[in-house]
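Q: kindly return the folded structure for what I paste below:
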Amino acid sequence: MNFPEPSLANLSSLGYTEDEARFLYAVATHSGYFSMRQFLQFTGTKSGDKSMTFSQKLLAKGHATARSFLRNGLVYHLFSRIVYRAIGRENLRNRRAHSLEHIRTRLVALDFVLTHLQYEYLETEDHKLNYFCQQLDIPKELLPRKRYSGAVHNRTTERYFVDKFPMFLCSGSFSPPVVTFTFVDPGLGILDSFKTHLLAYGSLFEALSEVRLVYVSPRPTQFEPARKTFLATAGRPPKKDLGDEILRYFRLQKLWDERKYGKLTTDDREFLHLSDKRYARHRCQRLYPSWRDGIVSDDYVRSEIQDLAPQRKVIFESELVDGQIGLFEATPKRKPTPSTAGEVKNSREGTFGGSFGSAFAPGVDKPMEK
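A: Numbering: from 1, shown residues only. This is a model prediction of the structure:
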């Protein structure tokens, strides 16, 4: 994980030590919520003066609030605009108050990140858009997105990767580095949100020759069902034959080159626009002039495209984290030991082709704008 020196310097100017500044950067970027146990894990210290000083500093400065859960455990919400402005991310939604399910999810995500600080994370929406659109030449239309209504009538805004689950590049034995996706399960024992997540990412997964996903949870009960669901969804063959798709692109491109615009429907124009982006640097471009001039046939193009198509690889992994589950459940079913291994672990397989109530915390501090 990259800790930019200017951001750390800005946080230090607010009165935080180097360890505290680095931890606050990780929290603001990946979660917004944290427990003092996570701070102690990050700093490698035991509970005592260091953690007490840190918590008192946060609350006294008005940079965070603390909410009590089971066993007198506290969850801190880093909400101050000053802190987020210090790292150049003033508009991150992590500043906002969220549901109990969201809080649990973010704590699990932070556990994963703190265990894997060695990875190069794509931390923001802009980082992810740059990686997929600029480096991989994947059209924005294929990325998971959500449309929000704006304050102005009939104005909407599209946001990408709104789940904000950790996403990172892992070099290791991969050359070039392969992007790894994660899904963060707060341990609720259901797969509905995972299925919805896979549906949202379906078009992006189809555009990648290799898809790696880590299922992160404080409980292992959903690992096997999640693995089967993922492989059945992401591992299935593409819905459309690539050869037929390329030939349709060629036919529409030829009409466009001949200025026969009247023969292009709205769907044709949208397909052509998308294909121009998707195949801008694809090796199929060298076939187009010969096909257009009648030198090679449709069958020849299909056979060439089949040879060019990379073998698709799909990998599922799972990771068990603490998730601070003891703060939310009176009798946790398991007490996991967080991994300290350098690489994501557990099962691996490849294939080719609402809000909760606040019963646990009746008193919630209302954040004041900073």
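
Q: can you list the domain ranges for this protein.
A: The chain breaks down into these domains under automatic domain parsing: 5-99, 120-234+314-352, 242-308.

Q: now name the helix or strand holding the closest residue to Leu11 other than its chain neighbours.
A: Take Leu11 and drop its neighbours on the chain: the residue closest to it by C-beta to C-beta, 6 or more residues apart in numbering is Ala21, 3.7 Å away. C-beta: built from backbone N, CA, C; applies to glycine. For Ala21, the host element (DSSP states H and E) is helix 18-30.

Q: try His127
A: With elements delineated by DSSP H and E, His127 resides in helix 125-129, which encompasses its position.

Q: buried ones in that helix?
A: Glu125, Lys128, Leu129 (16 or more other C-beta atoms under 10 Å).

Q: now swap in stretch 187-194 and tell me
A: Per 16+ other C-beta under 10 Å, stretch 187-194 contains these buried residues: Gly187, Leu191, Ser193, Phe194.

Q: from Ala280, how far out is the third one?
A: Relative to Ala280, Ser193 is positioned 35 Å away (criterion: C-beta to C-beta, to the nearest Å).

Q: could you do Tyr215 as well?
A: In this structure, Tyr215 and Ala280 are separated by 34 Å, where distance is defined by C-beta to C-beta.

Q: ditto for Arg312
A: Following C-beta to C-beta, the distance that separates Arg312 from Ala280 is 21 Å.

Q: okay, the two: which has more neighbours?
A: Neighbour tally, Arg312 and Ala280, criterion other C-beta atoms under 10 Å: the higher count belongs to Arg312, 20 against 10.

Q: surely that one and Ala234 touch.
A: No: in this structure, Arg312 is not within contact of Ala234 by C-beta atoms under 8 Å, at 9.2 Å.

Q: which neighbours do those two share?
A: Common neighbours of Arg312 and Ala234 (criterion: C-beta atoms under 8 Å, 6 or more residues apart in numbering): Val211.

Q: next helix or strand past whatever helix or strand Trp291 lives in?
A: Secondary structure from DSSP H and E places Trp291 in helix 288-292. Using DSSP H and E, the next helix or strand after helix 288-292 towards the C-terminus is helix 298-308.

Q: using CSV, write down the CA coordinates of stretch 137-157.
A: Included here for stretch 137-157 are C-alpha records, laid out as CSV according to Å, rounded to 0.1, in the frame of the first residue of the first chain:
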residue,chain,number,x,y,z
ASP,A,137,-8.4,-0.1,-23.1
ILE,A,138,-11.7,-1.3,-21.6
PRO,A,139,-14.7,1.0,-22.4
LYS,A,140,-16.3,2.7,-19.5
GLU,A,141,-19.6,1.2,-20.6
LEU,A,142,-18.4,-2.2,-19.4
LEU,A,143,-17.5,-1.1,-15.9
PRO,A,144,-19.9,-1.5,-12.9
ARG,A,145,-21.7,1.8,-12.4
LYS,A,146,-24.6,3.3,-10.6
ARG,A,147,-26.6,6.4,-11.6
TYR,A,148,-27.4,9.0,-8.9
SER,A,149,-30.0,11.8,-9.2
GLY,A,150,-28.5,15.2,-8.7
ALA,A,151,-29.9,18.2,-6.9
VAL,A,152,-30.7,19.8,-10.3
HIS,A,153,-33.8,18.5,-11.9
ASN,A,154,-33.2,15.8,-14.6
ARG,A,155,-29.5,15.8,-13.9
THR,A,156,-27.8,12.5,-13.0
THR,A,157,-24.3,11.5,-12.2
